[in-house]
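Chemist: 3D, please:
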Amino acid sequence: MILADDKALDTPMDYASVRTLGADLGSASVIVINDSVSLDWVINKTIHFFKHESCGKCTPCREGTYWMLHLIERIERGEATKENVELLHQVAKQMQNKCLCPLGEFSTMAVTTAIERFPADFTPSSAGGKHG
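Modeler: Numbers count the residues shown, from 1 in each chain. You can find the predicted model right below:
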């Protein structure tokens, strides 16, 4: 997740330049959302994709996407607690650099960057509100 500020908007869309924003270009696709879309909804859809695409061969990806999905679904239902958000972030961080392929690594990026860069979207009063 990248906040669309002047620096981000002026950054060339290549792998090296996007890394200067603390992100990876991944498959070179970009999704632009505004503040009417709930980040917990976006994260839920993202984790669903990665869980479905996971081959299940490595434990961090298989188990990590499972637990991230259950946690984000809990948060999206409006059951967000500080502990749920912290656990979601911790599961994603613990998966990093432990997966056999990039898919597992990429599954964590939206989770960690959303929570770190947009913490207000994951407070108990705001999570589970707006939908895409």
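
Chemist: Any buried residues in the helix or strand of the chain with the lowest mean pLDDT, and which?
Modeler: Every helix and strand of the chain was ranked by mean pLDDT, DSSP states H and E. The lowest is helix 15-19, at a mean of 87. By neighbour count on 16 or more other CB atoms under 10 Å, the buried set for helix 15-19 is Val18. Just so you know, the C-beta spots here come from the backbone N, C-alpha and C atoms, and that holds for glycine as well.

Chemist: And the helices in this structure?
Modeler: Ranges of helices in the chain, per DSSP state H, are 6-9, 15-19, 39-53, 59-74, 82-95, 102-117.

Chemist: Out of those helices, which gets nearest to Gly26?
Modeler: Across the helices of the chain, Gly26 has its closest neighbour in helix 102-117 (5.8 Å, CB to CB).

Chemist: Low-confidence bits of this protein, can you list those?
Modeler: For the chain, applying pLDDT under 70 flags the ranges 27-28, 125-132.

Chemist: what's the domain layout of it?
Modeler: As recorded under automatic domain parsing, the domains making up the chain are 1-32, 36-122.

Chemist: Could you say which of the ones you listed is packed most deeply?
Modeler: Across the domains of the chain, averaging neighbours per residue (mean count of other CB atoms under 10 Å) puts domain 36-122 on top, at a mean of 18.

Chemist: Name the residues that touch the least confident helix or strand of the chain?
Modeler: Applying CB atoms under 8 Å, 6 or more residues apart in numbering, the contact partners of helix 15-19 are 2, 11, 24-25.
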